[in-house]
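J.: Dropping the sequence and predicted coords here.
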Amino acid sequence: MFDSTASLLGLAVLATITLLVWVASLVRRDAGIIDLFWSLTFIVVGIVYATTTDAPAGGRTTLTLALVTVWGLRLSGYLTWRNWGEPEDYRYRRMRERGGPTWPYKNLITVFWGQAILAWLVSAPLLAGVDGTDDLGILAFVGIAAWAVGLFFEAVGDWQLSIFKRDSSNHGKVLDSGLWGLTRHPNYFGDFMVWWGLFLVGADAGGWWSIYGPLAMSVLLLRVSGVTLLERKLVKTRSGYEEYVRTTNAFFPGPKKS
């Protein structure tokens, strides 16, 4: 059952967190720090949901919070390690250049609170999971398996890419082996699987209404800030990327094309 009170409280908490991160971004002159905190907001909102709903805390609540916490801490930790000491992401630099003197306030509304709203929508399976019954059915175990596949693709894909980039001779080249030989975006595919897995855990308890959460994440990954935006840049900056596009699946893993 959808708990509107818990949901609205979650939105308020997300708006507050992103407001504080926005203030920090003004001090650092780096709007990209929102990317480091975004996955952590799901952990916080999951806890808010768990402590606000009327359902007694039990096995499904613990499972839901454990799954989102492992995912959120890994992703935030990796992005912090990768971006520490680096200049502001090109996407935010471009927005800053075009935004003029009112950019900080536009940034708060469109980027920071925009991500708060997006996180609120995507987090729907967390509310469904913590507000469900304790007994886990077959669908929940399918969800756990999907989550595990997703975390594997995210973590291993990021690890393979970091090793590839560490070798200076690979500068400007394309990684087309390992998981990157199965899909051009193993980390995005991993995110996709994680959130569909979390949805199944909640749907197992009747939370089918939360399907808009993984759908929102899927649209984000495939059509907004994920595959589409990144590939526009890579085609221009990576030698051989057009050939990579021709031979390698864009999103869902599969064998190379001849």
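T.: Here it is on my side, so go on. If you're wondering where the values come from, they're calculated on a predicted model, not measured in any experiment.
J.: which residue ends up closest to the midpoint of this structure in space?
T.: With distances taken as C-alpha atoms, centre = their mean, residue 191 lies nearest the centre of the chain, 5.7 Å away.
J.: Now for it: which residues touch it?
T.: Residues near residue 191 by C-beta atoms under 8 Å, 6 or more residues apart in numbering: 150, 154, 217, 221. Glycine gets a C-beta too; all of them are placed from N, C-alpha and C.
J.: Next one: it from residue 117, what distance?
T.: 18 Å (C-beta to C-beta, to the nearest Å).
J.: Check residue 9 too.
T.: From residue 9 to residue 117 the distance is 15 Å (C-beta to C-beta).
J.: returning to that earlier point: and whichever strand or helix holds the residue nearest to the centre of the chain, C-alpha only, in CSV?
T.: For residue 191, the host element (DSSP states H and E) is helix 186-203. This file holds the C-alpha atoms of helix 186-203, laid out as CSV (Å, rounded to 0.1, in the frame of the first residue of the first chain):
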residue,chain,number,x,y,z
PRO,A,186,28.1,-2.1,-18.2
ASN,A,187,27.8,0.4,-15.3
TYR,A,188,24.6,1.8,-16.6
PHE,A,189,23.2,-1.6,-17.3
GLY,A,190,24.2,-2.5,-13.7
ASP,A,191,22.2,0.5,-12.4
PHE,A,192,19.3,-0.6,-14.4
MET,A,193,19.4,-4.2,-13.0
VAL,A,194,19.8,-2.9,-9.4
TRP,A,195,16.7,-0.8,-9.5
TRP,A,196,14.6,-3.4,-11.3
GLY,A,197,15.8,-5.9,-8.6
LEU,A,198,14.7,-3.6,-5.8
PHE,A,199,11.4,-3.1,-7.5
LEU,A,200,10.8,-6.9,-7.5
VAL,A,201,11.6,-7.1,-3.8
GLY,A,202,8.9,-4.6,-3.1
ALA,A,203,6.5,-6.0,-5.7
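J.: Buried residues, the biggest helix by length in the chain. List them.
T.: When the chain is parsed with DSSP state H, its longest helix is helix 138-166. By 16 or more other C-beta atoms under 10 Å, the buried positions in helix 138-166 come out as 140, 142-144, 146-147, 149-151, 153-158, 160-161, 164.
J.: Give me the pLDDT for the closest residue in space to residue 157 that isn't next to it in sequence.
T.: Excluding the flanking residues, the one nearest residue 157 by C-beta to C-beta, 6 or more residues apart in numbering is residue 186, at 3.3 Å. Looking at residue 186, its pLDDT reads 95.
J.: Kindly report the same for residue 241.
T.: 79.
J.: any idea how far it is from residue 40?
T.: In terms of C-beta to C-beta, residue 241 sits 32 Å off from residue 40.
J.: Do me a favour and average the pLDDT over stretch 6-21.
T.: 96.
J.: before we move on, what about stretch 202-209?
T.: 94.
J.: tell me how far the ends of it are from each other?
T.: Using C-alpha to C-alpha, to the nearest Å, one end of stretch 202-209 lies 9 Å from the other.
J.: and what of stretch 230-246?
T.: 16 Å.
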